[in-house]
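> got a sequence here, can you build the structure:
(chains A and B)
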Amino acid sequence: ILNVEQSPQSLHVQEGDSTNFTCSFPSSNFYALHWYRWETAKSPEALFVMTLNGDEKKKGRISATLNTKEGYSYLYIKGSQPEDSATYLCAFIKVGTSGSRLTFGEGTQLTVNP
Amino acid sequence: EPEVTQTPSHQVTQMGQEVILRCVPISNHLYFYWYRQILGQKVEFLVSFYNNEISEKSEIFDDQFSVERPDGSNFTLKIRSTKLEDSAMYFCATHRGRNQPQHFGDGTRLSIL
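Modelled structure (predicted):
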């Protein structure tokens, strides 16, 4: 059974604060790590697909890093805005799957207060 | 931007009845998936489908479940005889290739009474 863990479970920050959360995953048989942003009543939206150890990806104020040797990824949001409020999901893909089966963490629920 | 569309958005069914959940993938996508989220739990993988056949299925995907792409556009998930524990949000996802992000539909909320 693959264990993908995210922390914290929830986070409340003030507008303008920078924040980060963690995804940990098995360090063996790594193929890829995905990050998704999931707003209430909408579908999960892809943020990043990360495949290489040491990868850093950025999209506007959001960035992510990847350490496959120790099995963790960080997601950073700089200068949080109320519209960043959502659940952030990470999902792991293992080597050897014939498709790209995603194994999800529980998510970090971010609330940004104006 | 093209979207994955799912119907219905909400389905209420009596236990023991059959349900079919429908998904229209993005047109040039080749890989199709069903996931579900039971309230309060993680999103969990059910099945992947490629080249008109199942490529992988989870332990949840037992004989009560089936998938097909009957007309080359719709991708369906059928639950033959629903149980109370099948109540969940069911998501379809599709993508072009293995290193591409998956595109999710808005989900079907399935409520079994």
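> for the strand or helix carrying B:V67, buried residues please.
Counting by DSSP states H and E, the element that carries B:V67 is strand B:65-68. Buried residues in strand B:65-68, defined by neighbour count with 16 or more other C-beta atoms under 10 Å in any protein chain shown: B:65, B:67. C-beta: built from backbone N, CA, C; applies to glycine.
> do it and chain A come into contact?
No: applying C-beta under 8 Å from any C-beta of the partner chain, one finds strand B:65-68 separated from chain A by no less than 12.5 Å.
> what is the least confident helix or strand in chain B?
Within chain B, confidence by mean pLDDT, DSSP states H and E is lowest for strand B:53-57 among all helices and strands, at a mean of 93.
> picking that back up, just list what the strand holding B:V67 packs against, helices and strands only.
In terms of contacts (3 or more C-beta pairs under 8 Å, 6 or more residues apart in numbering or on different chains; DSSP states H and E), strand B:65-68 is packed against strand B:43-50, strand B:75-79.
> what comes into contact with the first one?
Spelled out, that is strand B:43-50. Applying C-beta atoms under 8 Å, 6 or more residues apart in numbering or on different chains, the contact partners of strand B:43-50 are A:44, A:89, A:91, A:97-104, B:30-38, B:54-58, B:60-61, B:65, B:67, B:69, B:75, B:77, B:90-91.
> tell me which of the residues you listed fall in strands.
A:89, A:91, A:103-104, B:31-37, B:54-57, B:65, B:67, B:75, B:77, B:90-91 (DSSP state E).
> just to revisit the earlier point, between the helices and strands packed on strand B:65-68, which one is closest to A:L52.
Nearest of the helices and strands packed on strand B:65-68 to A:L52, taken as C-beta to C-beta: strand B:43-50 at 23.5 Å.
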